[in-house]
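Undergrad: Coordinates for the following, if possible.
(2 chains)
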Number of protein chains: 2
Amino acid sequence: MTQIRRQTFAVTSSLQYKFLATTLIYSFMIVSFFVIAVVFPDVVEMSDESLSSEIRSSAADRMLGKNAWVWPAVILLITMLSLHSFLEFRRITGPLYRFRWVFEQVENGKLPSTVKLRKKDYLIEEMKAVNKMLISLVGKLSIIREETAEAINSFGEVDGTANKNIEWSAGQIELLKAHREHLERLSAAVQFFEVQEKQQI
Amino acid sequence: MTQIRRQTFAVTSSLQYKFLATTLIYSFMIVSFFVIAVVFPDVVEMSDESLSSEIRSSAADRMLGKNAWVWPAVILLITMLSLHSFLEFRRITGPLYRFRWVFEQVENGKLPSTVKLRKKDYLIEEMKAVNKMLISLVGKLSIIREETAEAINSFGEVDGTANKNIEWSAGQIELLKAHREHLERLSAAVQFFEVQEKQQI
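TA: From the prediction side, this is the model:
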């Protein structure tokens, strides 16, 4: 049983870098706009020489006062939102990571019986569709596997009677041989698939 | 060929509603914070009766002046970012929609040869894994299909010689019948799968 657990900040998808880049750009735009909206009017007032020195010094005071709390608060807000969105986004990339594992397993003929997600993961709809697909594949391939084995068995019995009380012509022996070869190639292809009972990452 | 094209604002996943809700909450928090940082200092100054009336009226002017441009700009910024993130998010939900379609097709035995995404879509890694899985399934199932057909053919030939020049015992006839039945059940299971050459949504 392979156990590869997801870590809180594990990067399981290149998508997470793109997401981080987008978040940084958004944050930069929002903070820039904050700077303009909060600082700009005071700076204009401070440098406007037509205003009284009282108003100009009050603008400077106000700016200093705001600087003390606005920027830490803005940075806290943006960091919290970024962190929250990153953790939320993991509820998409985590399932995708498991799905990729399922696809690789099926590609290699190892059919997982189902895929499970974490309690709070998104992509539940997709998980259901993947599981239905797996159930269908496992079901049909089990029948194919079983019937192939049965066919080989029953053919072995037919073949076993070959030289008992009847004479097979050379042509018939050829036919039987060809048939056996088809069954063997079929069996080899069928053997490729095997159901993995309880593997789960 | 089924043609269901994605529309610009089509909702293909309940994930998009969650995403929209998150975006609205984030926007609300950012705008609220804007209100506090931009308006609050002026309001305090306006209501502080210890300050001169000149400073207080200048604060009122400044607030009116800011109101004229800050709020439309904030709303524009937030709307643009929300819209952009919604469109970006479609580059994840769009591929998921196609993947779900693939899973349903495979569930119903209709193997699409490959799945294609749009040029700018994300989930390229997942698409590659899905395609490798499909190629492997199509390849192996084609062999199984072919060999099953061949086995049935060659068995038909063996069976056809049954009453020609040899006498089959009742037991042998039973064995041949059992074998034929296994091949038929196998064939029915194999027939379930068929490769869809060029279907694509």
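
Undergrad: Only the buried residues of stretch A:130-142, if you could.
TA: A:Val130, A:Asn131, A:Lys132, A:Met133, A:Leu134, A:Ser136, A:Leu137, A:Val138, A:Lys140, A:Leu141 (16 or more other C-beta atoms under 10 Å in any protein chain shown). Placement of C-beta: from N, CA and C, glycine included.

Undergrad: how far away is the second one from chain B?
TA: According to C-beta to the nearest C-beta, to the nearest Å, A:Asn131 stands 9 Å off from chain B.

Undergrad: And for A:Ser85, the neighbour number?
TA: 19 (other C-beta atoms under 10 Å in any protein chain shown).

Undergrad: Please name the nearest non-neighbouring residue to it.
TA: A:Thr23 (6.2 Å; C-beta to C-beta, 6 or more residues apart in numbering or on different chains).

Undergrad: for A:Phe155, what are its contacts?
TA: Contacts for A:Phe155 (C-beta atoms under 8 Å, 6 or more residues apart in numbering or on different chains) come out as A:His179, A:Arg180, A:Leu183, B:His179.

Undergrad: If we ignore the residues flanking it in sequence, what's nearest the residue of chain A positioned farthest from its centre?
TA: Most distant residue from the mean C-alpha position of chain A: A:Ser52, 63.0 Å away (C-alpha atoms, centre = their mean). Leaving aside its sequence neighbours, A:Ser52 sits nearest to B:Glu54 (C-beta to C-beta, 6+ apart; 6.7 Å).

Undergrad: Please tell me how far the one you found sits from A:Met127.
TA: Distance of B:Glu54 to A:Met127, given as C-beta to C-beta, to the nearest Å: 66 Å.

Undergrad: Neighbour count: those two, which is higher?
TA: A:Met127 (20 against 13).

Undergrad: Just give the nearest non-adjacent residue to that one, would you?
TA: Per C-beta to C-beta, 6+ apart, closest to A:Met127 is A:Leu117, 5.3 Å.

Undergrad: ok, now A:Ile143?
TA: B:Ala189 is the one closest to A:Ile143 (C-beta to C-beta, 6+ apart), at 4.2 Å.

Undergrad: give me every residue that touches that neighbour.
TA: A:Lys140, A:Ile143, A:Ile144, A:Glu147.

Undergrad: got the CA coordinates for the host helix or strand of it in CSV?
TA: Using DSSP states H and E, the element containing B:Ala189 is helix B:170-191. Output in CSV follows, covering the C-alpha atoms of helix B:170-191 (Å, rounded to 0.1, in the frame of the first residue of the first chain):
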residue,chain,number,x,y,z
ALA,B,170,-21.7,-37.1,-26.3
GLY,B,171,-19.2,-35.9,-23.7
GLN,B,172,-17.1,-34.1,-26.3
ILE,B,173,-20.1,-32.4,-27.7
GLU,B,174,-20.9,-31.2,-24.2
LEU,B,175,-17.4,-29.8,-23.8
LEU,B,176,-17.6,-28.1,-27.2
LYS,B,177,-20.9,-26.6,-26.2
ALA,B,178,-19.5,-25.3,-22.9
HIS,B,179,-16.5,-23.8,-24.6
ARG,B,180,-18.7,-22.1,-27.2
GLU,B,181,-20.8,-20.6,-24.4
HIS,B,182,-17.7,-19.2,-22.6
LEU,B,183,-16.6,-17.7,-25.9
GLU,B,184,-20.0,-16.1,-26.4
ARG,B,185,-20.1,-14.6,-22.9
LEU,B,186,-16.6,-13.4,-23.4
SER,B,187,-17.5,-11.8,-26.7
ALA,B,188,-20.6,-10.1,-25.2
ALA,B,189,-18.4,-8.5,-22.5
VAL,B,190,-15.8,-7.5,-25.0
GLN,B,191,-18.4,-6.0,-27.3
